[in-house]
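Visitor: The sequence and its predicted three-dimensional model are supplied below.
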Amino acid sequence: MNNNEKERFEELWRVMQRLRKECPWDKEQTHDSIKAATLEETYEAVEAIDNKDYDALRDELGDMLLHIVFHSVIAEENNEFKLTDVIKGITEKLIRRHPHIFGDVKVKDSKEIEKNWEAIKLQEGKKSLLEGVPKSLSSLLRAYRIQEKASKIGFDWEKKEDVWVKVEEELNEFKEAEQSGDKERTEEELGDLLFSLVNYSRFLKINPENALRRANDKFIKRFSYVEEKINSSGNNLVDATFEEMDKFWEESKKQL
């Protein structure tokens, strides 16, 4: 970081401190009151990455940096911690978890690095390998991260074909549960089926959260086409029949 970058960062810090003293809205905020916005800024950065819009990504990273500073200013006011503690902590963690760079540990490949990473986290006091997977993640992404962590220490299938057998097994169990009429059991088996599909996607090196996000975006584009066609024909979307909508849906698939 050069002097200009340091000055810019210090300016941001001073601006945030002043806002906390002089702006009525900023003065009222707490960790809890801005946590949803913190999460939203993260998702907006992800969306910019998905869109390969790097001007937007620059702006969204700025918003994320603002929230880091915002939380740190609040914490300093509450005598919880300082920004310097945040920076010191992450720097020490990076050094500690990269002994193959900053120490004398030898590794063969990235898989061995990941295994060491998890082992070090347990040495740091984690009670469980899965402790660090946030409950606030979407269930789909959380399933992926849980499986990924377990895999790093060898708790995993050897071949994707074996995983697919498990998917088929879970699908059959879901069908049986659905046919039984037992809603609670059906919900449980659907969860197992989804969990097994996430596992299979991991073997394909596909992040299921990204895949589902793309599917959602594709559905929105195609359904928007259906809405546009129905409305332009003078009909009301609410009153349109399934056959009418499906005709335009099939059209959209050829164009979008």
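Guide: Thanks, I have it.
Visitor: in stretch 59-67, what's buried?
Guide: Using 16 or more other CB atoms under 10 Å as the test for burial, stretch 59-67 gives E60, L66, H67. (Glycine included, C-beta is placed from N, CA and C.)
Visitor: Let's see which of those residues end up in helices.
Guide: Counting by DSSP state H, these place E60, L66, H67 in helices.
Visitor: Show the pLDDT at the last one.
Guide: Here, the pLDDT recorded for H67 equals 97.
Visitor: Three-state assignment for S128, please.
Guide: Following DSSP: H, G, I helix; E, B strand; the rest coil, the label given to S128 is coil.
Visitor: Burial check on it, number of neighbours?
Guide: As a burial measure, S128 scores 10 neighbours (other CB atoms under 10 Å).
Visitor: distance of it from E41?
Guide: Going from S128 to E41 by CB to CB, to the nearest Å gives 29 Å.
Visitor: just to revisit the earlier point, name the nearest of the buried residues of stretch 59-67 relative to L141.
Guide: E60 (18.7 Å; CB to CB).
Visitor: who's in contact with the closest one?
Guide: Going by CB atoms under 8 Å, 6 or more residues apart in numbering, E60 touches E41, E44, A45, E47, A48.
Visitor: and the third one, helix, strand or coil?
Guide: Just to be clear, that refers to A45. Under three-state DSSP, A45 comes out as helix.
Visitor: ok, now which ones touch it?
Guide: Contacts of A45 by CB under 8 Å, 6+ apart are L57, E60, L61, D63, M64.
Visitor: Out of the contacts of E60, the closest to I101 would be?
Guide: Using CB to CB, A45 is the member of those that lies nearest I101, at 26.7 Å.
Visitor: Can you spell out which helices and strands pack onto the helix or strand of the chain with the lowest mean pLDDT?
Guide: Sorting the helices and strands of the chain by mean pLDDT, DSSP states H and E puts helix 110-123 at the bottom, at a mean of 86. Applying 3 or more CB pairs under 8 Å, 6 or more residues apart in numbering; DSSP states H and E, one finds that helix 110-123 contacts helix 99-102, helix 139-152.
Visitor: Tell me the first helix or strand C-terminal of the last one.
Guide: With elements assigned by DSSP states H and E, the helix or strand that comes after helix 139-152 is helix 160-180.
Visitor: Provide a list of residues in contact with S138.
Guide: Taking CB under 8 Å, 6+ apart, one finds E209 in contact with S138.
Visitor: re the thing from before, name the nearest of the buried residues of stretch 59-67 relative to E243.
Guide: Of all the buried residues of stretch 59-67, E60 has the smallest distance to E243: 42.2 Å, by CB to CB.
Visitor: Leaving out sequence neighbours, find the closest residue to the closest one.
Guide: Spatial nearest neighbour of E60, excluding adjacent residues (CB to CB, 6 or more residues apart in numbering): A45 at 3.9 Å.
Visitor: repeat for L204
Guide: Ranked by CB to CB, 6+ apart and with sequence neighbours excluded, the top spatial neighbour of L204 is K160, at 6.9 Å.
Visitor: so how many other residues sit close to that neighbour?
Guide: Neighbour tally, K160, other CB under 10 Å: 13.
Visitor: Hmm, S201 and it touching each other?
Guide: No. Between K160 and S201 no contact is recorded; they are 10.0 Å apart, counting by CB atoms under 8 Å.
Visitor: which of the contacts of A45 lies closest to K82?
Guide: M64 (19.2 Å).
Visitor: Distance of S128 relative to I153?
Guide: 12 Å.
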